[in-house]
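Chemist: sequence first, predicted coordinates after that:
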Amino acid sequence: MDKRVTFANLWLASALIAPQLLLVFIFFYWPASQAVYWAFTTQPPFGGSNEWIGFDNFKQIFTDRVYWNSVSVSIIFSVLTTTLSLAIGLMMALLVDRRLKGYSVYRFLYFWPYAIAAPAVGLAFRFIFAPEAGFLSAINAFYPNLWNPALKGGDALALLVFANSWKMGAYNFIFFLAGLQSIPRSLIEAAALDGASVVRRARDIQLPLLAPTFFFLLMVNITESFVDSFGIVDITTGGGPARATDIMVYKIFSDGFKGLDYSMAAAQSIVLMFLVISLTFIQFRFVERRIHYT
Amino acid sequence: MKRPNLASVALLTLLSASAAQAQSKVKFEFWHGLTAQLGDVMEGHCKRFNDSQSKFEAVCIGQGGYDKAEQNTIAAYRSKQQPTLVQIYDAGTVNFMLSGAIYPANQFVKDFNIKTDWSDYFPGIANYYATSKGDMWSFPYNSSTALMYWNKDAWAKIGKTKAPETIEEWFSDLRKMKAAGMECGFAFDYDTWMPLEQFSAIHNIPVATKSNGYDGMDAELVFNKTKFVDYMKDWKKLLDEKVARIQTAQTGKTKNQAFADGTCASMLSSVADHGVIGATAVPGMKWGVAMLPVYEGFKRQNSLVGGASIWIMQGKSKEEYEAAAAYLDFLAKADEALWFSTVTGYIPVRNSGFEFLKSNKFYEDAKYAGRELAIASLTATPTSGNSRGIRLGNFTQIRAEIRAELEAAFTGTKDMQTALNDAADRSNQILRRFEQTFKGKSLP
């Protein structure tokens, strides 16, 4: 049986949600509809004479190998960042949840990275990992050119993954910790009395009960890594070297704002939007089914 | 009793009059694209103007970079918030010419009676910004060209006191220096301005057909078939021999920093950096500038002007235009050219300014010595179709394409010729795309 809450007074209900709807309309639907319009036309930088060209923008995108490169870079980046940041967040949350000595300090400190603006994170990581002057340049002294994100695409991508996971790990940590703390202590204590080890308790009780949190974070992290990592890329690598870190959002930025080709950028953002929507759809359709909410 | 009263009344009237005058000053906005120390100089120019007269007030607003100045002006124009004057870099010239959003400078000086002798501008500078009919639509402002910076101490190690004049000589010097213990002879980054644009100009070879785009929007890039390819292959060789190094912000030090701290013995950069290098070079380091070297068998052509020009935007009030006219008039003064060249490395854009600097013995001061080479390099010959400038649509993105392919080639993931072919293909797509966006329009 579905329980539904209904409002008898529809006017009041509409009035209450109106401000929110207005915000969504102004900041999402309206710009999105503009982007759709631009995606099917050619828009000169200073505005004016839009010319309808149908799917030509999309045709040009999909036949462009540089675009496909940015799609694959984005996917690799997303998979690695999501995995790493979820792992970091979960690991730290499990440790803090055990209430080891000084855990309240850790709980306080681990959240900080998320409060730092992405460009600042990018700048810090760029300095730390600079191959000649950075903290990590010491390893190049042992084995020259082992680490060089300025010249090696793989290193540059790894640098971005580290930077973004460091930041997102903090966010995941808070959610995982909240999830862990809502698990009834009695379950864990009962398991402990039955002789289950720490690892066993985590595997059989805590992790399954964390599934809803995990699912939520999975979605947020994937979406975040696709649409929100611009700040870090711009400061840290600028999409290079040789487009090794040219993720989709960054390509949209450089085509649109540097290249002033608004139509091409609009078409790419439409593609990105559908990609993120379909990823979310797939997750709800196939992953969420396996999750039991308590 | 009456006298003091009168006096105080008179004083009051005076005070309120000057207060009213301060309020009635005509303000106009000038957006500039320079940052850090050069950004301060822009503000300084406005301040000097505001202090020099009491009728107008220039409000100078830095936009945080050349590209952002262009982006922001476009966004502002679309929402009718544009400034009266804006500083737009060389690569943005085409967009502004085709925009329909600007007040052409030649028309402006007529409408607002600014005395302007266009022929006073160095032809190499004026030609770069002029329309195909030779009309000036913007005012050349901060201008520079590329020079070679060389470390005299490093060259002394191989017993030389003069900068190399040919590329062959330069490369052989670098290899000798390496043998003499200089770890890094030459620092470069992926900027295309020096190796592609300036190199092609001084060797009188094309970057693109149709006089590098000046003769029509249907130009095609041909840099993958010229001496430029050999030049890049030679750079790659130097890199492989560890004679040269790539120095970018990502590696930890830019090429300017690597030169200034004595790590690398030479680099190619804008004369605009002359002041910064002078201020940041390690104490006691002897260094100088020279004209860019050319390959043997080539006759030196003039180099290209870089920098920015000032555009006047449409849709402002008559009062704002009058204020802007006064500002442009002020910038043209010889005193201002001297001040500007003193606090930056930029060169005077007018012959009269250059003469004024010379008569003030500017170039004899050790601090500024060598900067006259920039003028010599710019005016080495009359401009040809290959050395007038580059007028290609969306040139910012073309630079980015070439840069990305150069990165691939220098890091060894692609062969140089293949990389440059790919860059040319991609760049031509950008040009065709630009034509599509501006369908039915042609360059003025």
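Modeler: Structure received.
Chemist: how many residues are close by residue A:289?
Modeler: By the criterion of other Cβ atoms under 10 Å in any protein chain shown, residue A:289 has 8 neighbours. The C-beta positions use only the backbone N, C-alpha and C, and glycine is treated the same way.
Chemist: quick one: residues contacting it.
Modeler: Under the criterion of Cβ atoms under 8 Å, 6 or more residues apart in numbering or on different chains, the contact list for residue A:289 is empty.
Chemist: could you do residue B:37 as well?
Modeler: Here residue B:37 is in contact with B:275-276 (Cβ under 8 Å, 6+ apart).
Chemist: mind checking the SS state of it?
Modeler: Three-state assignment for residue B:37 (DSSP: H, G, I helix; E, B strand; the rest coil): helix.
Chemist: and for the one 4 residues further on?
Modeler: Taking three-state DSSP as the rule, one finds residue B:41 in the helix state.
Chemist: measure it to residue A:65 for me?
Modeler: Separation of residue B:41 from residue A:65 (Cβ to Cβ, to the nearest Å): 43 Å.
Chemist: what does residue A:144 give?
Modeler: Applying Cβ to Cβ to residue A:144 and residue A:65 gives a distance of 33 Å.
Chemist: which ones are touching the residue of the stretch 201-350 of chain B at minimum distance from chain A?
Modeler: With Cβ to the nearest Cβ, the shortest gap between the stretch 201-350 of chain B and chain A falls at residue B:252, namely 3.3 Å. Counting by Cβ under 8 Å, 6+ apart, residue B:252 touches A:130-134, A:137, A:150.
Chemist: name the member of those residues with the most neighbours.
Modeler: That'd be residue A:150 among the contacts of residue B:252, by other Cβ under 10 Å, with 25 neighbours.
Chemist: can you pull out the strands in chain B?
Modeler: Secondary structure of chain B (DSSP state E): strands at B:26-32, B:56-62, B:85-89, B:102-103, B:139-144, B:146-151, B:184-188, B:244-246, B:264-270, B:287-290, B:306-313.
Chemist: before we move on, what about chain A?
Modeler: A:41-42, A:51-52.
Chemist: including distance to residue A:246, could the strands of chain B go into a markdown table?
Modeler: Below are the strands of chain B laid out as a markdown table (distance: least, Cβ to Cβ, whole Å):
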| stretch | distance to residue A:246 |
| --- | --- |
| strand B:26-32 | 29 |
| strand B:56-62 | 28 |
| strand B:85-89 | 23 |
| strand B:102-103 | 33 |
| strand B:139-144 | 30 |
| strand B:146-151 | 28 |
| strand B:184-188 | 22 |
| strand B:244-246 | 19 |
| strand B:264-270 | 27 |
| strand B:287-290 | 35 |
| strand B:306-313 | 26 |
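Chemist: of all those strands, which lies closest to residue A:92?
Modeler: strand B:244-246 (37.7 Å; Cβ to Cβ).
Chemist: ok, residue A:27 - contacts?
Modeler: By Cβ under 8 Å, 6+ apart, residue A:27 lies in contact with nothing.
Chemist: that one and chain B, how far apart?
Modeler: Separation of residue A:27 from chain B (Cβ to the nearest Cβ, to the nearest Å): 16 Å.
Chemist: how many residues are close by residue B:413?
Modeler: The tally of other residues near residue B:413 (other Cβ under 10 Å) stands at 15.
Chemist: correct me, but it touches residue A:242?
Modeler: Yes. Between residue B:413 and residue A:242 there is a contact under Cβ atoms under 8 Å: 6.3 Å.
Chemist: hang on, residue B:39 packs against residue B:46?
Modeler: No. Using Cβ under 8 Å, residue B:39 is not in contact with residue B:46, being 11.3 Å away.
Chemist: count of residues packed around residue B:322?
Modeler: Neighbourhood size, residue B:322 [other Cβ under 10 Å]: 16.
Chemist: so for it, what's the pLDDT?
Modeler: pLDDT, the model's per-residue confidence, is 93 for residue B:322.
Chemist: so who does it touch?
Modeler: Counting by Cβ under 8 Å, 6+ apart, residue B:322 makes contact with B:26, B:56, B:112.
Chemist: count of neighbours near residue A:98?
Modeler: Here the number of neighbours of residue A:98 (other Cβ under 10 Å) works out to 12.
Chemist: if I pick it, what's in contact with it?
Modeler: residue A:198 are the contacts of residue A:98 under Cβ under 8 Å, 6+ apart.
Chemist: give me the phi and psi for it.
Modeler: Residue A:98 adopts backbone torsions of phi -80, psi 0, taken as degrees, to the nearest 10.
Chemist: distance of it relative to residue A:46?
Modeler: Per Cβ to Cβ, residue A:98 is found 61 Å from residue A:46.
Chemist: number of residues surrounding residue 144?
Modeler: As the question left the chain open, I've gone with chain A. Close neighbours of residue A:144, defined as other Cβ under 10 Å, add up to 10.
Chemist: the chain in question should be chain B.
Modeler: A total of 24 residues lie near residue B:144 under the criterion other Cβ under 10 Å.
Chemist: please apply the same query to residue A:136.
Modeler: Burial measure for residue A:136: 15 neighbouring residues, criterion other Cβ under 10 Å.
Chemist: these two touch, right, it and residue A:147?
Modeler: Yes. At 5.8 Å, residue A:136 counts as touching residue A:147 under the criterion of Cβ under 8 Å.
Chemist: which neighbours do these two share?
Modeler: By Cβ under 8 Å, 6+ apart, residue A:136 and residue A:147 have these common neighbours: residue A:129.
Chemist: quick revisit: scan the contacts of residue B:322 and report the most crowded one.
Modeler: Counting by other Cβ under 10 Å, top hit in the contacts of residue B:322: residue B:56 with 21 neighbours.
Chemist: need the contact list for residue 258.
Modeler: No chain was given, so I picked chain A. When contacts are counted by Cβ under 8 Å, 6+ apart, residue A:258 is found next to B:67, B:71, B:396-397, B:400.
Chemist: not quite, I wanted chain B
Modeler: B:184, B:187, B:245, B:247, B:264, B:267.
Chemist: quick one, grab the pLDDT at residue 178.
Modeler: Because you didn't say which chain, this covers chain A. pLDDT, residue A:178: 92.
Chemist: wait, I meant chain B there
Modeler: Residue B:178 is given a pLDDT of 94.
Chemist: dihedrals phi and psi, residue A:240?
Modeler: Residue A:240 adopts backbone torsions of phi -100, psi -170, taken as degrees, to the nearest 10.
Chemist: how about it: what's its closest non-neighbour residue?
Modeler: Among residues not flanking residue A:240 along the chain, residue B:407 sits closest, at 5.5 Å (Cβ to Cβ, 6 or more residues apart in numbering or on different chains).
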